[in-house]
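>>> Provided below are the primary sequence and the corresponding predicted coordinates.
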Amino acid sequence: ISGYRWNTLNGLLFERVMGCTGSKDVKAGDEIRHNTAAQTGADAKPSGNGNAAVNATSKPNSKKHKNQVASSGIDMERGQTDADVEVATAQVFGREVLASRIQMMFSCRNLINRDTFSKSDPLLVVRMNGVEAGRTEVVRDNLNPDFIKAIEIVYRFEERQLLEIDVVDVDSEYSAANVQAIDLKKQDYLGSSSVVVGEIIGSLGMTKLVPIKVPQAFQNRVKPQAPPFIRIIAMELPEQNPHLSLQFAGEDLDKKDLLGKSDPFLKISRKVYDPDSNRPDQMINRAVFQSEARKQTLNPTWSPFSISLARLCGNDTKNEILIECYDWDRTGSNDLIGAVSLTVDALISTFEENSTLDLINEKRRGHSSVAGRLRILKCERFQKPTFLDYVAGGCEIGFAVAIDLTASNKPVSNPKSLHHYAPGVFNPYMQAIISIGAVLEYYDSDQMFPMYGFGARLPWKNNEKSHCFALNFDPNENAEVKGIQGILDTYMRAVSAVVLSGPTLFSEVIQAACKRAQRPLTQARQHYDILLIITDGIIDDMDKTVLSIIECSKLPMSIIIVGVGDADFTSMNVLDSDTSRLGSKALGYVERDIVQFVPFRDFVDTDSREIDQFKFAKSLLEEIPAQVLSYFESRHINANPRRSAPEELRSPLMEEVNPEMLGHDAAPIVVNQAPAEAQPDEHLQQPPFVDFGGYGFP
């Protein structure tokens, strides 16, 4: 978006966030595009842009904080929460918000005491990815506080969200109603903790104990049997994924066919700003649903369907939608019968009053522009499970990696090789593993990840060429390794032990992942697998790969593909079927879209040659929640009740805990050089350091 146009859009976005509409009306029938004859049926994927409905956030006019959104360049003077801005942006451009609002509740135990004649008065300062998310209240004279105020954040599966918590002892005068005004530089520093939000979400009962790092000067105040820690309990706010169940019928529709009646179908659109227009206030109708066509009738009854409010109206029922009725034509030149524009609130009221809606066509011949009526047979609001509901209920998200070991990568000893690495310098394969693994590792309880290689000759098997083998060289083909560090270690050992060969064949590793995804899945035992394929070349077995993906689309799994190097990956976009179903009449078609492909080079800074981990992981993983929901919904598998945290984590009086229960701090597991420790009180004065990857990128 051009600088001029983005500046103008800032004003439009500001109006939308603050609850002002400020948008011009779009007449019925404007921007009528691509009205195909496809009979999509109920719950079909609409022809407009945007993914299937996932976790929608609530309305934008909620609690507001002063906040600068650095990623978009928008500086809202009156300030909103991160969720407010995201919801507003979604409304402006017609995207759905793939996120959930969650509340974090905090308790501390065994805090050190820095007051002489009383106990510390603790306050928690919570930052997410370096930006302050909020503060708790101050609890007076208490080393084991249970904070009442919850901190609300926006949870996004596709991001590695680092939560940093500072514990301070408030000594100065303050107003309980305005803890934001407390000058942290004038308070005593008690310690800090850090944890990835995904680790909390993936824990039993979404409850996590995190150790508190105490300043070195006060280590003598820590009791070994009672170390200081923070208990964090996460809870998803209710009504995160509202839907409407709808059914329509037409009455006395106009006859459009010369030798018969009409073949009517409905198309529902919402008003969004056009991101491709040079005019910043240009709006278009973006289709969100299209019904099947009913043949030869002027009084059709269409199939019932459900649609998320996020898709239908951006979660704001005061937003207008456009309902158009067309006469289907085999040539594609569908004729408009009539249209009606109204808010979702008005739609619900019409149903409750048992009224009808007039379908208007200004070009209709005769004295009246009414071309028929629309009756709402069903209009019920209900909740669907969110992605977070499935995770909290125990759904395990598995992660597997497949590495391209073909000769086009060049030998690992060659500095120009895509597999070449040096101390402190990660090659593209390693960076991709770390970026994706840093997000996914917390959703698999045992953290055992299968790892495959393809396109290499194996010296211990008489240089036999293999297109799918366990990269840990396990004789029983058990390809699992422990944790992301285990994946990195296994990769570095294997890449030097095999002979790079070729060609580039995907089908066998996909079939191996497919076989794993076929393990028993029930209502009580839920799992979903993600296969990461990293490759430098074009697929040489495209038809077999498509057939394998078609088989996988029937299973609880998704495939994400990263293209490294400078190859032309245009043909790879065929697999990423966002606009059409992958397959053909000869091969068959995928049951659902499960593939996402991105070129690694699109996320590498040309000067520093470092990857933008945040954007890279988001681009690859942002469709996963929708794919998880679509699979379980298609199999009528509901989210299980939220798992309970272990009893010892729920006890309100706990002070002594098993050190193993405290887990670990979210510090990097691979580092180049340990940063110098801050002095106790200097810690709060320094700008926050954010390591999105957490694995020591140079």
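Everything's here; your move. Numbers count the residues shown, from 1 in each chain.

>>> quick one: secondary structure of the closest residue to Val509 other than its chain neighbours?
With Cβ to Cβ, 6 or more residues apart in numbering as the criterion, Val509 has its nearest non-adjacent residue at 4.2 Å, and that residue is Ala402. Every residue, glycine included, has its C-beta placed from N, CA and C. Recorded secondary structure, Ala402: strand (DSSP: H, G, I helix; E, B strand; the rest coil).

>>> how about the helices in the stretch 551-698 of the chain?
613-621, 624-634, 647-650 (DSSP state H, counting those that start in this stretch).

>>> now do the stretch 201-350 of the chain
Using DSSP H, counting those that start in this stretch, helices in the stretch 201-350 of the chain cover 309-313, 344-352.

>>> need the ones you listed in TSV with mean pLDDT, can you?
Conversion of the helices of the stretch 201-350 of the chain to TSV gives the following (pLDDT from 0 to 100):
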stretch	mean pLDDT
helix 309-313	88
helix 344-352	96
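
>>> Nearest to Ile594, out of those?
In terms of Cβ to Cβ, the element of those nearest to Ile594 is helix 309-313, at 19.9 Å.

>>> Keeping just the C-alphas, turn the closest one into CSV.
Taking C-alpha atoms only, helix 309-313 is exported to CSV below (Å, rounded to 0.1, in the frame of the first residue of the first chain):
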residue,chain,number,x,y,z
LEU,A,309,-20.0,-13.8,12.5
ALA,A,310,-16.3,-13.1,11.9
ARG,A,311,-16.8,-14.0,8.2
LEU,A,312,-20.3,-12.6,7.9
CYS,A,313,-19.9,-9.2,9.5
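
>>> Show me what that helix is packed up against.
If contacts are counted by 3 or more Cβ pairs under 8 Å, 6 or more residues apart in numbering; DSSP states H and E, helix 309-313 sits against strand 242-251, strand 264-273, strand 283-290, helix 344-352.

>>> The third one pairs with which strands, parallel or anti?
Partner strands and pairing direction for strand 283-290 (DSSP bridges) are strand 264-273 (antiparallel).

>>> returning to that earlier point: lowest average pLDDT across the helices of the stretch 551-698 of the chain?
Mean pLDDT values for the helices of the stretch 551-698 of the chain show the minimum at helix 647-650, a mean of 66.

>>> The residue nearest to Val509: neighbour count?
Ala402: 27 surrounding residues under other Cβ atoms under 10 Å.

>>> same question, Ser369
14.

>>> residue contacts, it?
Contact analysis of Ser369 by Cβ atoms under 8 Å, 6 or more residues apart in numbering lists Ile360, Asn361, Glu362.

>>> go on, Cys552?
Here Cys552 is in contact with Ile510, Ala513, Cys514, Ala517, Ile559, Ile594 (Cβ under 8 Å, 6+ apart).

>>> re the thing from before, which of the helices and strands packed on helix 309-313 sits closest to Met448?
Closest to Met448 of the helices and strands packed on helix 309-313, according to Cβ to Cβ: strand 242-251, at 36.1 Å.

>>> Give the buried residues for that closest one.
Pro242, His243, Leu244, Leu246, Gln247, Phe248, Ala249, Gly250 (16 or more other Cβ atoms under 10 Å).

>>> go on, stretch 103-110?
Quick answer for stretch 103-110 (16+ other Cβ under 10 Å): Met104, Met105, Phe106, Ser107, Cys108, Arg109, Asn110.

>>> does Glu236 have beta-bridge partners, and which?
Going by DSSP bridges, Glu236 forms beta bridges with Ile102.

>>> if we can go back for a sec, most tightly packed of the helices of the stretch 201-350 of the chain?
helix 309-313 (a mean of 25; mean count of other Cβ atoms under 10 Å).

>>> Hmm, Ala470 and Val509 touching each other?
No. Between Val509 and Ala470 there is no contact under Cβ atoms under 8 Å: 11.0 Å.

>>> Can you tell me which of the contacts of Ser369 are buried?
Buried among the contacts of Ser369 by 16+ other Cβ under 10 Å: Ile360, Asn361.

>>> Okay, and which of the buried residues of stretch 103-110 map to strands?
Counting by DSSP state E, the part of those found in strands is Met104, Met105, Phe106, Ser107, Cys108, Arg109.

>>> can you pull the contacts of Lys149?
Gly134, Arg135, Thr136, Glu137.

>>> my guess is Asp252 contacts Gly372, does it?
Yes. Counting by Cβ under 8 Å, Asp252 touches Gly372, with 5.3 Å between them.

>>> Neighbours of the closest residue to Lys318 other than its chain neighbours, how many?
Counting by Cβ to Cβ, 6+ apart, Lys318 lies nearest to Thr343, which is 5.5 Å off, once chain neighbours are set aside. Thr343 has 15 neighbours, counted by other Cβ under 10 Å.

>>> Run through the bridge partners of Thr343.
Glu320.

>>> per-residue pLDDT, it?
Reported pLDDT at Thr343 in the predicted model: 95.

>>> pLDDT score for the nearest residue to Tyr390 once chain neighbours are set aside?
Leaving aside its sequence neighbours, Tyr390 sits nearest to Ala639 (Cβ to Cβ, 6+ apart; 4.6 Å). Here, the pLDDT recorded for Ala639 equals 94.

>>> so what's Ala639 up against?
Ala639 makes contact with Pro385, Thr386, Asp389, Tyr390, Ala392, Gly393, Cys395, Phe632, according to Cβ under 8 Å, 6+ apart.

>>> again, 10 Å this time
Ala639 is in contact with 384-395, 523, 526, 629, 632, counting by Cβ atoms under 10 Å, 6 or more residues apart in numbering.

>>> among those residues, who's most crowded?
Of the contacts of Ala639, with other Cβ under 10 Å as the count, Phe387 tops at 29 neighbours.

>>> Ser100 is in contact with that residue, correct?
Yes. With contact defined as Cβ atoms under 10 Å, Phe387 reaches Ser100; the gap is 7.5 Å.

>>> Out of the helices and strands packed on helix 309-313, which is closest to Thr504?
Here strand 283-290 is closest among the helices and strands packed on helix 309-313 (Cβ to Cβ), at 37.7 Å.

>>> picking up where we left off before, quick one: the helices and strands packed on helix 309-313 as CSV, columns for distance to Asp576 too.
Output for those, formatted as CSV (distance: least, Cβ to Cβ, whole Å):
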stretch, distance to Asp576
strand 242-251, 27
strand 264-273, 23
strand 283-290, 21
helix 344-352, 32
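
>>> Identify the bridge partners of Ile534.
Counting by DSSP bridges, Ile534 forms beta bridges with Ile403, Val562.

>>> burial of it, as a residue count?
Around Ile534 there are 23 residues (other Cβ under 10 Å).

>>> before we move on, the earlier item: want to throw the helices of the stretch 551-698 of the chain into a markdown table with distance to Phe157?
Putting the helices of the stretch 551-698 of the chain into a markdown table (distance: least, Cβ to Cβ, whole Å) gives the following:
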| stretch | distance to Phe157 |
| --- | --- |
| helix 613-621 | 7 |
| helix 624-634 | 5 |
| helix 647-650 | 23 |
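
>>> Sitting in strands, which of the contacts of Cys552 do you find?
Per DSSP E, the contacts of Cys552 map to strands at Ile559.

>>> Nothing else from me, thank you.
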